[in-house]
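Asks: The following comprises the amino acid sequence and a computationally predicted model.
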Amino acid sequence: MLFWIPLFPLIGFLINGIWYAFGQAPAGRKKAGAGLPGAIATGAIFASFVVSLMIFIQLLGQDPEHRAVEQILFNWMSVGKFHVDVAFRIDALNTLFTLVITGVGTLIHLYSIGYMGHDETPGKFFAYLNLFCFAMLMLVMGSSLPVLFLGWEGVGLCSYLLIGYWYTDIEKAKAGKKAFVVNRIGDFGFLLGMFLIYSTFGTLDFESLRHLFGHAGSLPEGVSPQVITAISLFLFVGCMGKSAQIPLYVWLPDAMAGPTPVSALIHAATMVTSGIYLVSRLNFFYTGSPTAMSVVAAVGAFTAFFAATIAITQRDIKKVLAYSTVSQLGYMFLGCGVGAFSAGVFHVITHAFFKALLFLGAGSVIHGMHEEQDIWKMGGLKSKMPRTYWTFAVGTAAICGVPLLSGFFSKDEILWKAFSSPSGSPWLWFLAAITAVMTAFYMTRLFSLTFLGAPRFEVAEHAGHSHDHPGHDHGHDHGHGHGHGAKKVKGIAVHESPLLMTLPLMILAVLSIVGGYVGWPHASWIEHWLEPVVGGGHEAASGVSESLEWILMGVSVLGALIGILTSFRVYRNLSLVEAMTRNVQWLHKILENKWYIDEIYEAVFVRPIQVFSQLLWKGFDVAVIDRIVVGFGRVSQWTGETVRVIQTGSLQVYALMLLAGLIGTAGFLIYGWH
Amino acid sequence: MHQIEPWVVLSFCSIIFFIGFTGVLIRRNILVILMSIELMLNAVNLTFVTFSKQLNHLGGQMSVFFIITVAAAESAVGLGLVIAMFRTLRSVDTDEIQILRE
Amino acid sequence: MDISPFFFYLFAGLAIACSTMVILKKNPVTSAFSLVLVFFAFAGIYALLDAHLIAALQVFVYTGAIMVLFVFVIMLLNADVPSFDLGRSHFLMRVSAGFSALVLLGIFVWAFKESSFHSIGGEFTLEKIEAAGGNTQVISELMFSEYILPFELTSILLLAAIVGAVAIAKRKLVGGRV
Amino acid sequence: MAGIDTHFLSWIVFLPLLFAFAGLLIPAKGTAGQTAMRLWTLLGSLITFGVSVSLYINYRPEGADFQFTETVPWISTLGASYALGVDGISLWLILLTTFLMPLAILGSFSAIENRVKEYYFLLLALETAMLGAFVSLDIFLFYVFWEAMLIPMYLLIGIWGGKERIYAAMKFFLYTLVGSLLMLVAIFYLAHQHKLQMGAYSTNILDLYKLQLEGGTFWSAQSILFLAFALAFAIKVPLFPLHTWLPDAHVQAPTAGSVILAAVLLKMGGYGFMRIGFPIFPESVAYFQLTFMILGTIAIVYGAWVAMVQPDIKKLVAYSSVSHMGYVIIGLFSLNEIGVTGSYYQMLNHGISTGALFLLVGVIYERRHTRDISAFGGISKVMPMFAIVFMIITLSSVALPGTNGFVGEFLILLGAWKVNPGLTAVATTGVIFGAVYMLWMFQRVMFGPVTNPENQKLKDLSLREWTVLAPLVAAVFVMGIYPNLFFEKLEPSIQRFIMKSTTNRTAPPQSLFSDNSK
């Protein structure tokens, strides 16, 4: 039954894809609306949600130690001893992922029907979206590394296709390519990790590997810790690429060029968390290597902090959320890095709820604002878009860590583990706590700039505008869309999004509120649930008392509240903001330009490689190798030219030479052998 | 009266052959060159017949028969070429016919 | 070899003298007629060597057909061409040609003289040929049995040569000179 | 048909040639005649494909080493015979050839307007030569077919090529000829060795497998002979630094020529290594293993980097071939089952995906008469179906899992890792750069606004072009998802190949300095 989960989206992809490729794309064919393709795609993913739910229920009834469902579909490759099956295996860990992917996926598909309503090629969009779900499900369900890698690269491909969805804008196409290439750098590490695993253990199957490791951080016999560390780090390079960690995070902010539902689904809720999935899946490798753990934790914590600094100054609503995602992913890795895999996974789930909510809310805003994405040109949307406003407020509160919302539980769990676990340290906690304050600050900034205060754009009269704007070409010409609506009507006629879009927002808002209760401190269902797979949470290091836990929790709540309140105060008075910005102009400039990382990469890697390649081609291929070859040609030509003198063209001279040759030969035959 | 040794006959053939060869080398008239070639062919024919006689094998004479045929064909084509060439170049001088060179 | 030395030397001397004339005489007509004599001399030697059919063919084909062709062509071309009586080539060429020819001739004669030609008993002895009905009869039989394939091929070659010669020598009617 | 049972392979090999000669009788004047000629050639290649499919069906992987064998003495003084036979290694390359040939022919239906008859005659003659090389079990016969391939290809490039076709054709010809001449010398040496060791001349490959040659050092007989063969094969592969004929030949060749050149002719190099180079000279293979793996790795990275900056699509694809064939080399020289199987699979993959890429370039070249990347942009908007197919093939070329490319590259790198992890790590960067150059090219051609007005009105794929491309797209996925279909018939042959190539068969060293006094 397992195979139905990825199969449904695949079928949806094939239907939509073939219909699009032959029925809609060719010149002169009728363009389809978003309705039918959207319904097909949503139905497909919903069907697989239902199956996932059934599997989950089935797992609930099983004995915790053997909680797994397996299915082998067919043998993929079999060469000598190397044997890979296309097989699925769902256990406690990935059943959560399938639920999130299909559940949140369904909501986002639904939302997309509204959002992409005026797009030119909705068939293509939904085909890609379904293909993505298929690949993502392959990723989390695969029972061995190659199958996981199949999904891993598959989601990368879909990400590429969807970021560059509006490909007529070359910048968006470039962003897609950047995402793919940066992911490929990660995959490079992933591949090396796989090779090393295979050459060390002779298998790539998760279960077999787990059995080799036995229990709790013990290493298989005859395997040196260095090898385990190398494997863990190689695989982590892959995670850096896919889950946008330093130094490979640069693609994710650019990935916002894609349609907003894509940002919500792929670049917030699901694909980017696959790195965390991989690390948790192979937790036995990481627990076996303290070095790798520290690297993961350090990279995670630093990424969380670093991305948060950038997020503070961004003007694009989606860019803020993108950096926020990078930052939150850093949290998750921090959790994994200190051994709290269940905390990491817990944050994946709550993050999927509230970040998807935030992105979809942002999409709704952008939709309502007619493709305006600059938060400095918004403001006062509270009254115009009430449903979006309220749901967005819930999302913001959740990510800020307001107590009793989902983000609070998961983030606090990570913070506590960063402090208390044997591989944690107060420094990691401190960095994470600072980040939490900054998160609260920039999210509130985003929220208040968008929804509160007075509108900072020209408001058009509402008359004659329904929720649905016939003739307004949403998505078409997207790249040049800034102020597109403003051209038609003087000012922007802000409108609330249709129910199709706000309904998923409301569901996600509810989930963002209640989603955290599965991880209630000290009674965490999720930790208990995941224990057979990722191991129990480590006992707190000695000397760390329960009271300290409460104190730290209080500190982080306080930090969040401080962040929120400061932000509200600051951004109520925008002239104050400008004054402050002027005071720290240099810092603001650096942050606004994202620490110039893109420029540095361009200068250090991209340009040199291009220049060097040119050099290789013109300077070596053409100038050296070809010259040698042509040189050989020249030599023989020269020889020919020289010898040619005797080629007089006179038959008689030829005959004479023939005669001379004959004499020579005869002479040799007579005297030569003596 | 002594016998004629085979080598005498063969040497005679060689003499005729090299006379023909020299003719090919030193004459500029293409017609004479063709005639010299006929001389060489005849010398070869005689060699064949000599061996045929000496070895009591008729293969030599058969070869001569074929050579004569081929020679006839050759001179027919050769003379045809001479006529064609003469028509184009108004000359039968090999020194003027050096198109092969370029 | 049981051939008459007198006739052999007679024919050989004639052939050598006439061949020299062929290559030395300035006028091609003279050369052609010398060549006829050479062919006759050869026919004589063939007859001495009991190759009667070849001797006959020599007279028919060479003197009869080929020489007529030569003379015909000479006469065809001879008209109003002042440069027809071409001399010989460059002096250096003549000297080196003559020299090399003499050297190689020397080698050949030496080689022939040094070698011994044992009469390996081929099946066609003179007596057998006589018994089987003579030279012509035996050769004809061979030609249509053992040598039938070369024979047929030769006929194709001849056909090709005829067509070729006609095609080459034919004056193009359209477009002026070839 | 007479002798179809006993001379099955001969029928397959010479069927195209039969059709080629029969095609000469078609009066190919005028449009109708040309169409007839094209259809006739297509028919010929399709029938050949059909017959080769029955070869596939009747081949038993568990059966004899070589099946459908035929042996007729040929040149007795050299010991050469007309010996044919098929094992798993030749089987798939034969199928690749016969599969691609109809597509290449169909793909050039509208591209070739002049000298139609000669063109198709040469294509079919080329097919015979290629098939002959793949089934030869006699090294001399192999050589004859190997050289015979050169002539039609040379003419195809030289007559129907682009602007610089003469230069490219000459370069192609000379490069390959230089290699094969040394090979010829080595063949004679081997025949002579066989006479010395076994008492009779033989150039039968199976006999030569039993030769004992002194090896293990650079100046040993094995090494020198191996290098003589390896030069010929490496030029065909082409291995860095002997690759510079390829970009020129590819760019100048007509579409079908490029397809066949990339898809089949390059495989001759790999096949030569597998059939001759490795099993006859096992010690030298071990001796030169590292050298060739380094060259292969350089080829991967070098080809990818140089491909990145090419302004011409065909040149880009040509350099990508250099990169992809570099994988083949490191896989072969890793000498374990995973690597070698991957290598072999990569050869097939490369045939499919690069063949398809050239066909796609041909499609767009026919419309725009340029291959300059900068002349395009936004084609995706104008030719959406073309863009979809192009995308799929691009993905296959960058080895996305699920497409054929992944299986090959993954196995190769996995196998090579066991031998030399450091080099493999460097080679794996090809995965990154492969994505860079392919996607960058795709972006510049397909994405962005349609800036050039000439691109505004391009027609999308026609039915004929679909017919050409659809089988390739299908092959991409079938090979990517179910490679076992191929491995089944391949495995025993690969195992035997590895056994032969790793067994020590060296003669006792006859070194002057060997110390026998102890």
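Replies: Thanks, I have it.
Asks: what residue ranges in chain B score low on pLDDT?
Replies: Within chain B, the stretches with pLDDT under 70 are B:1-2, B:94-102.
Asks: ok, longest helix in the chain?
Replies: Going with chain A. helix A:170-201 (DSSP state H).
Asks: Oops, wrong one, chain B.
Replies: With secondary structure taken from DSSP H, chain B has its longest helix at helix B:59-89.
Asks: buried ones in stretch A:212-227?
Replies: Of all the residues in stretch A:212-227, those buried under the rule 16 or more other CB atoms under 10 Å in any protein chain shown are A:212, A:213, A:219, A:220, A:227. Placement of C-beta: from N, CA and C, glycine included.
Asks: what comes into contact with it?
Replies: With CB atoms under 8 Å, 6 or more residues apart in numbering or on different chains as the contact definition, stretch A:212-227 has outside contacts at A:196, A:200, A:201, A:203, A:228, A:284, A:285, A:287, A:288, A:289, A:535.
Asks: rewinding a little: quick one: the longest helix of chain B near chain A?
Replies: No - counting by CB under 8 Å from any CB of the partner chain, chain A has no neighbours in helix B:59-89; the shortest distance is 12.6 Å.
Asks: Packing partners of that helix?
Replies: Other elements packing on helix B:59-89 under the criterion 3 or more CB pairs under 8 Å, 6 or more residues apart in numbering or on different chains; DSSP states H and E are helix B:30-55, helix C:52-57, helix C:67-78, helix C:135-143, helix C:148-169.
Asks: Apply 6 Å and report the result again.
Replies: With contacts taken as 3 or more CB pairs under 6 Å, 6 or more residues apart in numbering or on different chains; DSSP states H and E, helix B:59-89 sits against helix B:30-55, helix C:52-57, helix C:67-78, helix C:148-169.
Asks: Could you give the separation of that helix from the chain centroid?
Replies: Its chain's C-alpha centre and that of helix B:59-89 lie 10 Å apart, by CA atoms, centre = their mean, to the nearest Å.
Asks: Any chance of JSON lines for the buried residues of stretch A:212-227, columns pLDDT?
Replies: Conversion of these to JSON lines gives the following (pLDDT from 0 to 100):
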{"residue": "A:212", "pLDDT": "83"}
{"residue": "A:213", "pLDDT": "80"}
{"residue": "A:219", "pLDDT": "71"}
{"residue": "A:220", "pLDDT": "72"}
{"residue": "A:227", "pLDDT": "89"}
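Asks: Among these, which lie within strands?
Replies: If you go by DSSP state E, the buried residues of stretch A:212-227 have nothing in strands.
Asks: C-terminal to the longest helix seen in chain C, what's the next element?
Replies: Scanning chain C for the helix with the most residues, using DSSP H, yields helix C:91-114. Next helix or strand after helix C:91-114 toward the C-terminus (DSSP states H and E): helix C:126-132.
Asks: could you point out where the stretch 551-674 of chain A is predicted with low confidence?
Replies: In the prediction, the stretch 551-674 of chain A carries residues with pLDDT under 70 at positions A:644-651, A:672-674.
Asks: in chain C, which ranges drop under the pLDDT threshold?
Replies: Along chain C, the parts satisfying pLDDT under 70 run over C:1, C:78-89, C:117-121, C:171-178.
Asks: swap in chain A?
Replies: A:215-218, A:460-491, A:536-545, A:644-651, A:672-674.
Asks: if I look at the most centrally placed residue in it, how far off is residue A:265?
Replies: Per CA atoms, centre = their mean, the C-alpha nearest to the average position across chain A is that of residue A:272, at 3.3 Å. Using CB to CB, to the nearest Å, residue A:272 is found at 10 Å from residue A:265.
Asks: Wasn't the residue nearest to the centre of chain A part of a helix?
Replies: Yes - remark: residue A:272 belongs to a helix, assigned using DSSP: H, G, I helix; E, B strand; the rest coil.
Asks: hang on, the earlier thing: list the buried residues of the longest helix of chain A.
Replies: The neighbour-count check on helix A:170-201 (16+ other CB under 10 Å) flags A:170, A:172-201 as buried.
Asks: quick one: residue D:188 from chain B, how far?
Replies: Distance check for residue D:188 against chain B: by CB to the nearest CB, to the nearest Å, it reads 33 Å.
Asks: which residue sits closest to that residue in space, ignoring its chain neighbours?
Replies: Closest residue to residue D:188 apart from its sequence neighbours, by CB to CB, 6 or more residues apart in numbering or on different chains: residue D:78 at 7.9 Å.
Asks: next one: residue D:38
Replies: residue D:109 (5.4 Å).
Asks: Now do whichever strand in chain D runs longest: which elements does it pack against?
Replies: Using DSSP E to assign secondary structure, the strand with the most residues in chain D is strand D:67-75. Identification of packing neighbours for strand D:67-75 by 3+ CB pairs under 6 Å, 6+ apart yields helix D:8-23, strand D:80-86.
Asks: can you tell if stretch D:430-448 touches chain A?
Replies: Yes - Stretch D:430-448 reaches chain A (CB under 6 Å from any CB of the partner chain) through D:431, D:432, D:435, D:436, D:439, D:443, D:447, D:448.
Asks: Is it possible to get a markdown table of those that adds pLDDT, distance to chain B and neighbour count?
Replies: Putting the residues of stretch D:430-448 next to chain A into a markdown table (pLDDT from 0 to 100; distance: CB to the nearest CB, whole Å; neighbours: other CB atoms under 10 Å in any protein chain shown) gives the following:
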| residue | pLDDT | distance to chain B | neighbour count |
| --- | --- | --- | --- |
| D:431 | 89 | 56 | 23 |
| D:432 | 90 | 56 | 19 |
| D:435 | 90 | 55 | 29 |
| D:436 | 90 | 52 | 23 |
| D:439 | 90 | 54 | 26 |
| D:443 | 89 | 53 | 20 |
| D:447 | 88 | 55 | 26 |
| D:448 | 84 | 54 | 22 |
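Asks: Looking at those residues, which are in helices?
Replies: With helices defined by DSSP H, the entries of those inside them are D:431, D:432, D:435, D:436, D:439, D:443.
Asks: could you dump these to TSV with distance to residue A:364?
Replies: Putting those into TSV (distance: CB to CB, whole Å) gives the following:
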residue	distance to residue A:364
D:431	39
D:432	37
D:435	34
D:436	36
D:439	32
D:443	31
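Asks: so which of the residues you listed comes closest to residue C:97?
Replies: Distance ranking of those against residue C:97, using CB to CB, places residue D:436 first at 71.2 Å.
Asks: Tabulate the CA atom coordinates of the host helix or strand of residue A:98 in CSV.
Replies: Element membership of residue A:98, judged by DSSP H and E, is helix A:92-115. This file holds the C-alpha atoms of helix A:92-115, laid out as CSV (Å, rounded to 0.1, in the frame of the first residue of the first chain):
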residue,chain,number,x,y,z
ALA,A,92,8.1,6.5,13.2
LEU,A,93,10.3,9.2,11.8
ASN,A,94,9.2,9.5,8.2
THR,A,95,5.6,8.9,8.8
LEU,A,96,5.6,12.4,10.4
PHE,A,97,7.3,13.8,7.2
THR,A,98,4.8,12.1,4.9
LEU,A,99,2.0,13.6,6.9
VAL,A,100,3.5,17.0,6.8
ILE,A,101,4.3,16.8,3.1
THR,A,102,1.0,15.6,2.0
GLY,A,103,-1.0,17.5,4.6
VAL,A,104,0.6,20.9,4.1
GLY,A,105,1.0,20.0,0.5
THR,A,106,-2.7,19.6,0.1
LEU,A,107,-3.4,23.0,1.6
ILE,A,108,-0.8,24.7,-0.6
HIS,A,109,-2.2,23.0,-3.7
LEU,A,110,-5.6,24.2,-2.7
TYR,A,111,-4.3,27.7,-2.2
SER,A,112,-2.5,27.6,-5.5
ILE,A,113,-5.7,27.1,-7.4
GLY,A,114,-6.6,30.6,-6.2
TYR,A,115,-3.2,32.1,-6.4
